[in-house]
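# pasting the structure only:
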Ligand SMILES: C[S@@+](CC[C@H](N)C(=O)[O-])C[C@H]1O[C@@H](n2cnc3c(N)ncnc32)[C@H](O)[C@@H]1O
């Protein structure tokens, strides 16, 4: 997403757009941005390099499901870069976005990309050959992540949840009071053996500064491991609390590659249900 202003600077256009919008007006705020062609606020123009590197180095993520393709969910999928990329790596992928225009844009992008994949979908050029034999399917759903009605579009016989859910710039797009619901929905949507992968961003931004993007340093840990409400302040971000959350963190590292706007601070975390 766009730069965070320095102290004394005017808020960015994205922050101004969401200023004074309560929870019930968040979705319409995103839809307006899509409808007025302002997705450049967050569009990075390619799939997440950190996710590509992780997927390609973790073949067990793909083999964790017996005789079917693993199912992935990208909530707040935007133009669908990561949806298409995961399908090119053999996942059946669901992209969810609250904006109809966003979903139409993503559908068109993915269709073209699956027909003729860009090299940026793979860590190395040679991995492009992975795609030829094993492209998964993509579905795009226009709905609100916090509602349950769209789940029936995914439910198939034996469906027990997603094998992989990836969050990049979805949690940071939500006002802090929605964070606890984000964590609850993640626990409802993940398969018992599934992995929630998060590219934690922005970690350089003050927790008290207005968003989106909202600063997230320590927020994933608080929500998922500690079972908190994620409304932590700078002064308590490093406090140690009992681990009452629904998730165990099974991996945590600085990705070798990430988007430039992470300023070298992005972290990649992987979570499993307890
Ligand atoms: C900051 S953008 C990030 C998009 C994408 N992850 C990317 O990196 O390009 C946030 C996206 O989440 C979508 N969104 C916001 N609230 C949502 C909700 N409650 N349910 C589903 N999508 C939502 C917005 O329409 C927008 O496309």
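Nice, thanks for sending it over. As the structure is a prediction and not an experimental result, all values here were calculated from the model. Numbering: from 1, shown residues only.
# Poorly predicted segments of the stretch 51-200 of the chain, please.
Low-confidence segments of the stretch 51-200 of the chain (pLDDT under 70): 61-66, 125-133.
# how about the most centrally placed residue in the chain, phi and psi?
With distances taken as Cα atoms, centre = their mean, residue 167 lies nearest the centre of the chain, 1.8 Å away. For residue 167, the backbone dihedrals (degrees, to the nearest 10) come out as phi -110, psi 120.
# Just list the residues touching it, thanks.
Residues counted as contacts of residue 167 (Cβ atoms under 8 Å, 6 or more residues apart in numbering) are 75-76, 186, 196-199. C-beta: built from backbone N, CA, C; applies to glycine.
# Buried residues in stretch 155-167, which are they?
Going by neighbour count (16 or more other Cβ atoms under 10 Å), the buried part of stretch 155-167 is 161-167.
# Check stretch 224-236 too.
Buried residues in stretch 224-236, counted by 16+ other Cβ under 10 Å: 224-228, 230, 232.
# Let's have those residues in CSV, adding secondary structure and distance to the ligand.
Below are those laid out as CSV (DSSP: H, G, I helix; E, B strand; the rest coil; distance: Cβ to the nearest ligand atom, whole Å):
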residue, secondary structure, distance to the ligand
224, helix, 19
225, helix, 23
226, coil, 24
227, coil, 22
228, coil, 21
230, coil, 16
232, coil, 21
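# Point out the least confident member of these, please.
Lowest in pLDDT among the buried residues of stretch 224-236 is residue 232, which has 90.
# measure the residue nearest to the centre of the chain to the ligand for me?
With distances taken as Cβ to the nearest ligand atom, to the nearest Å, residue 167 is found 8 Å from the ligand.
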